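*Asks:* give me coordinates for this.
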Amino acid sequence: MTLTGQPAGTVATRAAGLVDFRAVLGWEEAPSRPPSCLTAPEGFFRQDLAETLSPCGTRLEVRGSIRALTGRGLGWALERVMRRVADAAAVSGAVLEMRFLREAPPRGFRPDLVQALATDLWRAGFRVRLAPCWEPVGPDGLALGVRGEEEGLRAFLRDHLGWGPS
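*Replies:* A predicted model of the protein is given here:
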């Protein structure tokens, strides 16, 4: 069981996949106005990309992560970010280096386990809701939001042998 920062009683139905992204744009001379490479995330993916310009202005680093709830969505989001960075490099005459690493694939949780956990929580008096989890989740088990009732939910998990926190 992975405990997340989602609201208490949120049982995850699926976990987002995660890609770490890094790009460096370099110029021989600092451009008068360096391009922005950041895209606006859409509803099906999230990102926490940040741009850092070197003090001399000849190097722009774009770094962060991209998350999506499906493999197809993750691929599309990565392609969109890569295209935006490549376009910015081409327009500004920068040399471009890009790297990405797929940290975790998106995955769904077994419906029977989701239902069993939700039922046990409800019977114990906790408010329960089902939602996808955008936070990184380990490869095994389920994910449960504990924000606001962490002590009570940890005690519940300790007392119920089948639901131990990881």
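*Asks:* flag every buried residue along stretch 132-147.
*Replies:* Pro132, Cys133, Trp134, Glu135, Pro136, Val137, Gly141, Leu142, Ala143, Leu144, Gly145, Val146 (16 or more other C-beta atoms under 10 Å). From N, CA and C alone the C-beta is placed, and that goes for glycine too.
*Asks:* what is the nearest of the residues you listed to Arg107?
*Replies:* Set against Arg107, the nearest of the buried residues of stretch 132-147 by C-beta to C-beta is Val137 (8.1 Å).
*Asks:* ok, now how distant is the residue lying closest to Arg84 once chain neighbours are set aside from Glu149?
*Replies:* The spatially closest residue to Arg84, leaving aside those adjacent along the chain, is Thr39, at 4.7 Å (C-beta to C-beta, 6 or more residues apart in numbering). Distance of Thr39 to Glu149, given as C-beta to C-beta, to the nearest Å: 36 Å.
*Asks:* cool, and Pro35?
*Replies:* 45 Å.
*Asks:* residue contacts, the residue nearest to Arg84?
*Replies:* Applying C-beta atoms under 8 Å, 6 or more residues apart in numbering, we find Thr39 in contact with Gln47, Arg80, Val81, Arg84.
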